[in-house]
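Asker: Quick one, structure for this:
(chains A, B, C and D, ligands or ions: 4)
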Amino acid sequence: GQAPAESGNDGGDAASPDFLPCIVSDEGGFDDKSFNQLSFEGATKAADELGVELKDVQSNAETEYGPNITNLVDENCNAIVSVGFALSAATVEAATANPDVDFILVDDAADNDFDGKKDAENVKPLLYDTAQAAFLAGYLAAGYSESGKVGTFGGREFPTVTIFMDGFKQGVDHYNEVKGADVQVVGWDGTTGSFTGGFEANQDAKQVAVNILDQGVDVIFPVGGPIYQSAQQAIKESGKDIALIGADADLFETDSSTSDIVLTSVLKAMDLSTYEAVLSSGKDEFDPEAYVGTLENEGVGIADLHNFADKVDSGLQDEVTQLRQDIIDGNVTVTSYLSE
Amino acid sequence: MSVASTTNAQIDAPRIVAVVSWKAPIIFGIFTVLFALLPLLVPREGATTFRLASGDAFFTVPDIVLPSTATAWVSVVLLAASTVFAVFLANSRRRTPLWLVVVYVAALLIGFLAWAAAGATLPMVGLLGGALALATPLIFGALGGVIGERAGVVNIAIEAQLLAGAFSAAIAASAAGTPWAGLVAAMGAGMLVSLVLGIFTITYFVDQVIVGVVLNVLVIGLTTFFFRQVLAPNTETLNSPETFTAFPIPILSEIPVIGPILFRQSFIVYLMYFVVALVWFGLYRTRWGLRLRAVGEHPQAADTVGIKVLATRYRAILLAGAVAGLGGAFYTLVAVPRFNQEMTAGAGFIALAAVIFGQWDPIKATLAALLFGFATNLQGVLSVIGSPVPSQFMLMLPYVVTIFAVAGLVGKSRAPAADGKPYIKS
Amino acid sequence: MSSAESTGPLADPQTPVAPSRWRGALQQIVTGNGIISVLAVLIAVVVGSIMIAATNEDVQAAAGYFFARPGDMIAAVWSSVSGAYAALFRGAIYNFNADDFATGIRPLTETLKFATPLIAAGLGVGLAFRAGLFNIGGQGQMLMAAAAGGYVATKIDLPFPLHLIAAVIAGMLAAALWAGIAGLLKARTGAHEVITTIMLNHIAVYLLAWMLATQGILQAPGSNNPKTAPMPDSAVLPLLLGDSYKLHYGFLIALAAVAFAWWLLERSSLGFRFRAVGENPAAARVAGIDVGGVYLTVMLIAGALVGIAGVSQILGTETSGFGGGIDAGIGFDAITVALLGRSSPLGILGAGLLFGAFKTGGFTMQSSQGIPIEIVLVVQSLIVLFIAAPPLVRAMFGLPQPGQTPRKKTRKHAEPKKQEVSA
Amino acid sequence: MKLELRGITKRFGALTANDHIDLTVNEGEIHCLLGENGAGKSTLMNVLYGLYQADEGDILLDDVVQQFAGPGDAMAAGIGMVHQHFMLIPVFTVAENVMLGHEQTRFGGRLDLAAARARVREISARFGFDVDPDALVEDLPVGLQQRVEIIKALSREAKVLVFDEPTAVLTPQETDELMATMRQLKSQGTSIVFITHKLREVREVADRITVIRLGKVVGEASPTASNEELASLMVGRAVELTVHKDAPTLHDNGLVVQGLTVTDRLGTVLVDDASFEVRGGEVLAIAGVQGNGQTELTEAIIGLQDQVRGSIRLDGEELVGRSVRQILDAGVGFVPEDRSVDGLVKEFSIAENLMLDRSFGGDFVSAGSVRRAALDEFAREKIVEFDIRTQGPTQAAGRLSGGNQQKVVLARELSRDLSLFVAAQPTRGVDVGSIEFIHKRIVDTRDAGVPVIVISTELDEVAALADRILVMYRGRVVGIVPGDTPRDQLGLMMAGMNGESA
Ligand SMILES: Nc1ncnc2c1ncn2[C@@H]1O[C@H](COP(=O)(O)OP(=O)(O)OP(=O)(O)O)[C@@H](O)[C@H]1O
Ligand SMILES: Nc1ncnc2c1ncn2[C@@H]1O[C@H](COP(=O)(O)OP(=O)(O)OP(=O)(O)O)[C@@H](O)[C@H]1O
Ligand SMILES: [Mg+2]
Ligand SMILES: [Mg+2]
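Answerer: Ligands and ions are numbered 1, 2, ... in the order given. Now for the predicted structure:
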């Protein structure tokens, strides 16, 4: 290779003396195909745009959140993104102790005393009412389904997971109501359902998907990072025409191997909101007001149908578009723990 | 020998008297009462459909429909009757026969399924076929454990071998574009872990448990490191293996009920049948196995008849590593076409439990792993068809079943006599 | 678990009731085992360095033009590796970048904080080891301790020291009972404790997950997340060195546990029976010791010790509430700690401190140098491996094997099984 | 085949176990090796068999120097060995044990078990053994296990056979049969090295005798030498071979066993309706071939068996149903048969072993702590009193020689207030000098008015100690006879013949 000019460059700090954005993951790590990864991408994009380095640390256990955040403060980070509700307490604690640092907390309201207000001024909670988007996906799936059965399952029974499943079920119910149909949801009945017990994509997760497929569903909606891969493999092995719905990012874009089976994806635009929050902090325009992603502000949404555009009845597509507007307008209500 | 002692030895076969054992009746009683509580406290409506056919079978097998509550109560009656009979037998100083245990377990299982799946359809083929698939990596891991321990080397590092196998299978299959390469690489990775285990424990006499425990940590560290540093940024080229998909065996797969369960699986499952048979045959029927077991039972005795103890142990654990590695390959060549960090999620420890539960026997260890797979998939199926129990309790099921099975059914088991002991020769 | 002294320091069975125990220990360090430990650390550090250098961007960049300017590469390797280990030291022992001593010493207090649960849980595992039981159930026991301790802390109202004591005791009791299940099953049915403790781990994970997701049990009131409310001040372990350090009284409890375990194992008659059962259950039984009873008692005490780890996590380290991952892998780390500490309380104390230092230093390595945290895992496990195999280390460094003639005859005193005479 | 050892030296660290030993065994000769425990006999044989590498010296077969890298080489050269501690795999069948190491296989690598069975039957027939090739070795009585070892060696067509203390566990009849076998082998030209501590056997079968002491050859003796001569050559001093004891003074206290039946978990009867009594001040010896229920009988007395019916009353108090600890507390002293497994914790120090059954209170425990000073003092006293050869009370018991390990167990059991003393095989593995001492202590205990039960397979010992002898066969009491019953009659009873008819 070509040797660069001799001028000294010893790491990140020389490049950007003034702003240091940082991010800390939860136990999943930044390659989790889910919120850690998306937030990381958003923060990276903001850092690139600001022309600064992004400092990232991964956590391997619940007890590491506090020390990781404290260490980032000690490294003089100006903005710290903490990913996941599990980091909430540690983030609030660090924020209270370091009022000069901007904190961005993904997926939690930073309200650990449950008084309805966030607990530290300089924390910006990023929340996503994904039930709204999943509602659309549920409606779409119900309309698309020929077998009259659609399925969903989750990694662990966390609110950030079940909110997807809940919205999905409400969407299906809404379809049944409107159309007088009887499409069933397998894997979630509104209170309990099917979970793999973890976020690992392995045989256990695949078997849960297989069991759901065995019930004759023709649309399946796995919620929880990489476990969609298990569902994908289960679909492949079933040899049947089963559609997959992605969660978080647009699967069609992020994993091209799914392009033939992905009906749509329920989008949770953590990349976008994290990007914006970090960028605003870098530009000294940080607004710690809580952000709630909705269909209206496009913080959540439903992805393009891509390959399925001509497989899905255009009337149904229009209905979904209309439904989206109805939700935004408040004509149709989707309930979730965020909307209460 | 003198005439007297030889003839006496022939004539006086040891006298046997009956020993009262109340274990079976007590366990029967407990489970009968527990099970009777279910329909009593949570009565369920409707009928349960046991679907024996698989979607596209050649022969169609009719569904069996049973009324839930009635079936549950019939089971309770059967269980109670079995219990009473067992008490009667124990009282008259007779042992509980195996058939009674089988009847009891069958009644319990059918009754439970009828109750739990009320108003729904139980896909029996999916339930059992899935159990088999879930058990497959555990079986490979357990076989690896059995081979090693039979030669006197305790292998706590099954988890490491599974994980290393999954990791290298993903890379090799992706890079070479064929899952066969992944299979070979997984065996190699398992053997590599074994080799380290061997160097430390066989050559340098380090405590086998220490090395096993530490190897698990080491391999988790290394695979996570390389996953994050190398695989994640290069998913397309290094972490998108071609997989072995299900491959129905002609004719065999058409056998009603059994065919779709056993013979519509992926290649690695078929390989598993073969390896189980081979390990059993090898251990009990060949010179290799005889010598290996001798080394695990009494290495000094093996030494005195000219068997190279250390070399035998090395060969055994290398083979064990290859077998366990195959189990690892299942994760990335069958389950999902992607390696993820710590994706084995403790399966190696379950396999270790299967080794002990299976009393260091390849067939019994396989059965133990299958039991675990069955319990896991049972909870999966029940939660899918809608069970009233919170998901967390459903997820506990396989572990609870294992504890009950170990405590109730087998009890004490005997490890190979020299298991875990280094052979140090003057 | 292993025989004969040739297996190195880890497997060397304790020679109890030795009056010259301290002198013996000292002697051991001076006569070579100390050197072996240093060399073991050296090997691990070298491997870690390779990984650090290989993942360093500057090194990668410089490697691209290695032949054009090799000096760059060497400089880059040096700066990445020295930076990493300096960060490790800075994060674990003393921060030499700090303005004053009070701030500089903070990492050491963090090390002690992280060592606390490792020591306590290590004692639990080590105690069971000494009685011949392999307790892999630290995870489950810690989780149950957290559940019970957390319940008492968040659901019951009591004034300060009482509340804390009640929560600590509840946690220890729950962990003891959880471990006791394995002990009871072993004593009554012979069920192998390896199986039962592994299964109990998984059961505890889901049981706690359920409690955390259920209002009225552990879930914070009004919350949807599987997490408890913060621990009330009345149940929190006070800070040991004032507000500027996070080291809490849990550390003192762990030290007390070390002292207790030391007395139990080395001085008490109960511990004497534990060890007798651990070394030779058959002889213990003939000597009138109730082996099953010992299994149960040992597991109860071991569980209580692991329970200290659990409560120190929730009432000292993570007082803002906890979730299902509060064990943080300590139950498994404890196995390594116990083995490295040769299952002796003082050894476990040392090993726990070492691991605490690695953990604490690892954070700084990651945050300040961008070193992947897994490298710490790798370095840690290599150290344990090599410390356990002195002959291998000696061979690698070409040192003479102790007191022996050429190869082959080096490994002596096999005391070949059943060597003892019979006429 | 002629065997010659020249200048064999073998060191274990500082200890020289064999010091320039020369030994010649001619073709068709039975050559006896004599020497006290630890003299180096087994070590020499292990060197010959390739298990150990000699530090110096040569092994010659028919005047050709051999190089044995391992037992495989020695076997190939025609050497077979029946080891002092059986080298058999307990969970294997006889046939599997015999074939191990030189297995024949059939198509597909399958073991040819049929061939191995045939081989076992063939050799059994040739020497009149009665061994079932499909029996599990662990289920066989030791006498038969011994035969399996011999078959193992013979199946490899050994030309030189080493028997390392093969008679230690045999009945007199079995011993006689073994000697017959040895003579038969000798007549077929096999050279035999025979190691034993029993001088009677030596004189009966040996062609030549070599005595080893402290690793050196101290001389040769002829088979006509007297017991006393041989013993003093072995030990290096005069040894008293008979125990002096007076006629028993019987007391009222004692043990009464009635209808005692012991079964294992599967219901096999191990002790079958045994009834007997022992009075204070007498020694009841229980004789019998090992594996005929003696072990289970003693274990039932001490509370170690859990399937027990009948009654065991000590000084009027019922022991059946009580725990081991309660029985120990009632004053029962117990020396288990297998000291290394049941009697000692080898990793523990001598002092700790001395308090093994006294950890619940008493002299060595106060407030839950071990009183280390008191224990240490006690241990020092006992080391002197029982002449335990050791570096001190903190030495690990496993490092003691066999005889000294046995003394530790005896010291522990005899230093309590006893109401019954049960000793199983008290002098197994103990050399002539220590036997003298142990026998004396047992007689002292009897004379102190304690009922004593001694279990022994060794008729010399039975004869030396017993006031009365109970013979067991297949779990049943064959008869109770006076202490001076002739050994021929005992031998027949041990083989199951009723006392009167014999
Ligand atoms: N592997 C070994 N390591 C160290 N010392 C040993 C070893 N084997 C034997 N010894 C020692 O060598 C000496 C001779 O032992 P050996 O077994 O040859 O005695 P022996 O004459 O066969 O005694 P016995 O009559 O009890 O069988 C003893 O002091 C013994 O402790
Ligand atoms: N495996 C071993 N390792 C270390 N030392 C040993 C070993 N075996 C025996 N010794 C030591 O060697 C010495 C001699 O043992 P040996 O067996 O020759 O005793 P002995 O004189 O035969 O005793 P006894 O007469 O009681 O049988 C003893 O001090 C013993 O502690
Ligand atoms: Mg608030
Ligand atoms: Mg010997």
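Asker: Show me what residue D:61 is bridged to.
Answerer: Residue D:61 has these beta-bridge partners by DSSP bridges: residue D:3, residue D:64.
Asker: Now do the contacts for it.
Answerer: By C-beta atoms under 8 Å, 6 or more residues apart in numbering or on different chains, the contact set of residue D:61 is D:1, D:2, D:3, D:4, D:77, D:78, D:79, D:159, D:160. (C-beta placed from N, C-alpha, C; glycine too.)
Asker: so which residue of chain A comes closest to ligand 4?
Answerer: residue A:203 (56.1 Å; C-beta to the ion).
Asker: thinking again about what came up before, who wins on neighbours among the contacts of residue D:61?
Answerer: residue D:79 (28 neighbours; other C-beta atoms under 10 Å in any protein chain shown).
Asker: if I look at that residue, how far off is residue D:181?
Answerer: According to C-beta to C-beta, to the nearest Å, residue D:79 and residue D:181 sit 18 Å apart.
Asker: do the same with residue D:459
Answerer: Taken as C-beta to C-beta, the span from residue D:459 to residue D:181 is 20 Å.
Asker: ditto for residue B:25
Answerer: Counting by C-beta to C-beta - residue B:25 and residue D:181 are separated by 52 Å.
Asker: how about low-confidence regions in chain D?
Answerer: Low-confidence segments of chain D (pLDDT under 70): D:169, D:241, D:429, D:498-502.
Asker: Tell me which residue of it lies closest to ligand 3.
Answerer: For chain D, C-beta to the ion, closest residue to ligand 3: residue D:368, 51.2 Å.
Asker: Next: the stretch 101-250 of chain B.
Answerer: For the stretch 101-250 of chain B, C-beta to the ion, closest residue to ligand 3: residue B:228, 35.1 Å.
Asker: Tell me the pLDDT of that residue.
Answerer: Residue B:228 is assigned a predicted lDDT (pLDDT) of 88.
Asker: Helices of the stretch 51-200 of chain C, start to end?
Answerer: Listed in chain order, the helices found in the stretch 51-200 of chain C under DSSP state H, counting those that start in this stretch are C:57-64, C:70-92, C:101-104, C:106-130, C:138-155, C:160-189, C:193-212.
Asker: just so I know, which of the ones you listed lies nearest residue B:206?
Answerer: Nearest to residue B:206, of all the helices of the stretch 51-200 of chain C, is helix C:106-130, at 15.5 Å by C-beta to C-beta.
Asker: if I look at residue C:69, how far off is residue C:63?
Answerer: Counting by C-beta to C-beta, the gap from residue C:69 to residue C:63 is 11 Å.
Asker: which residues do these two both contact?
Answerer: With C-beta under 8 Å, 6+ apart applied, the contact sets of residue C:69 and residue C:63 do not overlap.
Asker: Write out the residues of chain A neighbouring chain C.
Answerer: A:1-4, A:10-11, A:27, A:55-58, A:60-64, A:66-68, A:71-72, A:74-75, A:85-86, A:88-90, A:92-93, A:108, A:112-114, A:156-159, A:197, A:337 (C-beta under 8 Å from any C-beta of the partner chain).
Asker: Specify the local secondary structure of the most centrally placed residue in chain D.
Answerer: In chain D, the residue lying closest to the centroid (C-alpha atoms, centre = their mean) is residue D:428, at 4.4 Å. Following DSSP: H, G, I helix; E, B strand; the rest coil, we place residue D:428 in the coil state.
Asker: That one reaches residue D:168, doesn't it?
Answerer: Yes - if you go by C-beta atoms under 8 Å, residue D:428 and residue D:168 touch, sitting 7.2 Å apart.
Asker: Near the residue lying closest to residue B:338 once chain neighbours are set aside, how many other residues are there?
Answerer: Sequence neighbours aside, residue A:229 is the residue nearest to residue B:338 in space, at 5.2 Å (criterion: C-beta to C-beta, 6 or more residues apart in numbering or on different chains). Close neighbours of residue A:229, defined as other C-beta under 10 Å, add up to 24.
Asker: residues contacting residue A:229?
Answerer: A:33, A:201, A:255, B:336, B:337, B:338.
Asker: coming back round to it: make JSON lines from the helices of the stretch 51-200 of chain C and add mean pLDDT, distance to ligand 4 and mean neighbour count to it.
Answerer: Formatted as JSON lines, those follow (pLDDT from 0 to 100; distance: least, C-beta to the ion, whole Å; neighbours: other C-beta atoms under 10 Å in any protein chain shown):
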{"stretch": "helix C:57-64", "mean pLDDT": "82", "distance to ligand 4": "63", "mean neighbour count": "17"}
{"stretch": "helix C:70-92", "mean pLDDT": "88", "distance to ligand 4": "56", "mean neighbour count": "19"}
{"stretch": "helix C:101-104", "mean pLDDT": "90", "distance to ligand 4": "66", "mean neighbour count": "13"}
{"stretch": "helix C:106-130", "mean pLDDT": "96", "distance to ligand 4": "34", "mean neighbour count": "28"}
{"stretch": "helix C:138-155", "mean pLDDT": "97", "distance to ligand 4": "46", "mean neighbour count": "29"}
{"stretch": "helix C:160-189", "mean pLDDT": "96", "distance to ligand 4": "38", "mean neighbour count": "23"}
{"stretch": "helix C:193-212", "mean pLDDT": "94", "distance to ligand 4": "38", "mean neighbour count": "25"}
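Asker: and those helices as JSON lines, adding distance to ligand 1?
Answerer: Shown next, in JSON lines, are these (distance: least, C-beta to the nearest ligand atom, whole Å):
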{"stretch": "helix C:57-64", "distance to ligand 1": "52"}
{"stretch": "helix C:70-92", "distance to ligand 1": "44"}
{"stretch": "helix C:101-104", "distance to ligand 1": "54"}
{"stretch": "helix C:106-130", "distance to ligand 1": "27"}
{"stretch": "helix C:138-155", "distance to ligand 1": "39"}
{"stretch": "helix C:160-189", "distance to ligand 1": "35"}
{"stretch": "helix C:193-212", "distance to ligand 1": "32"}
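Asker: Residue D:266: which of the ones you listed is closest?
Answerer: That would be helix C:160-189 among those, by C-beta to C-beta, at 17.4 Å.
Asker: how far out from the middle of the chain is the closest one?
Answerer: How far helix C:160-189 lies from its chain's middle: 20 Å, per C-alpha atoms, centre = their mean, to the nearest Å.
Asker: On the three-state scheme, the residue most central in space within chain B is what?
Answerer: Geometric centre of chain B, nearest residue: residue B:369, 1.4 Å, by C-alpha atoms, centre = their mean. Secondary structure assignment for residue B:369 (three-state DSSP): helix.
Asker: Spit out the contact partners of it.
Answerer: By C-beta under 8 Å, 6+ apart, the contact set of residue B:369 is B:135, B:138, B:139, B:142, B:350, B:351, B:354, B:358.
Asker: Just the residues you listed: which are in strands?
Answerer: Judged by DSSP state E, strands contain none of the contacts of residue B:369.
Asker: which of those residues has the most neighbours?
Answerer: residue B:142 (35 neighbours).
Asker: contacting residues for the residue in the stretch 51-200 of chain C positioned nearest to ligand 3?
Answerer: Closest to ligand 3 within the stretch 51-200 of chain C is residue C:154: 17.0 Å, counting by C-beta to the ion. By C-beta under 8 Å, 6+ apart, residue C:154 lies in contact with C:218, C:220, C:228, C:229, C:231, C:232, C:235.
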